[in-house]
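Participant: Any chance you can model this:
(one chain, ligands or ions: 1)
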Amino acid sequence: VRAHVRFARTNLLEIEQLPQRFEFIFCRNVMVYFDQDARQRAVGMLERHLVPGGYLFVSHAESLSAIRHDLQLIAPAVYRRSRP
Ligand SMILES: C[S@@+](CC[C@H](N)C(=O)[O-])C[C@H]1O[C@@H](n2cnc3c(N)ncnc32)[C@H](O)[C@@H]1O
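Facilitator: As a prediction, the model looks like this:
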């Protein structure tokens, strides 16, 4: 499995663009450290990098209810980008 995985460090608050779009993004227990503005920017950036129908997993401590986004909550802490 490792041969198919690319590991990279990145700062979610500085990066605008990821190298590709993803079907699944796991970002658990990271945004708990961010203030509201930083959380908004990070969620916007992650949302843009989900393919339509792709999933964003956060932790149960990280509600996106105070964040503007177009994701659909499909289960606790699991969001999905709408299909066009
Ligand atoms: C509590 S750990 C959670 C680790 C793992 N996601 C988990 O759920 O076990 C918080 C992680 O957030 C990362 N982190 C904090 N601020 C970050 C940022 N601005 N950009 C990227 N990662 C960040 C830290 O490096 C750390 O690995």
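
Participant: before we move on, what SS does R41 have?
Facilitator: helix (DSSP: H, G, I helix; E, B strand; the rest coil).

Participant: burial count for it?
Facilitator: Neighbour count for R41, taken as other C-beta atoms under 10 Å: 16. In short, each C-beta sits where N, CA and C put it, glycine included.

Participant: H60 versus the closest residue to it other than its chain neighbours, what's the distance?
Facilitator: When the adjacent residues along the chain are set aside, R41 lies closest to L13, with 6.7 Å between them (C-beta to C-beta, 6 or more residues apart in numbering). In this structure, L13 and H60 are 22 Å apart, going by C-beta to C-beta, to the nearest Å.

Participant: Specify which residue of these two has the higher count of neighbours.
Facilitator: Set side by side, L13 and H60 show more neighbours around L13, with 12 against 9, by other C-beta under 10 Å.

Participant: do you know how far that one is from the ligand?
Facilitator: Using C-beta to the nearest ligand atom, to the nearest Å, L13 is found at 5 Å from the ligand.

Participant: swap in P19?
Facilitator: Counting by C-beta to the nearest ligand atom, the gap from P19 to the ligand is 16 Å.

Participant: Does anything pack onto the longest strand along the chain? Which helices or strands?
Facilitator: Of all segments of type strand in the chain, defined using DSSP state E, the longest is strand 50-57. Here strand 50-57 touches strand 22-26, helix 36-48, strand 71-75, strand 78-81, going by 3 or more C-beta pairs under 8 Å, 6 or more residues apart in numbering; DSSP states H and E.

Participant: No further questions, thank you.
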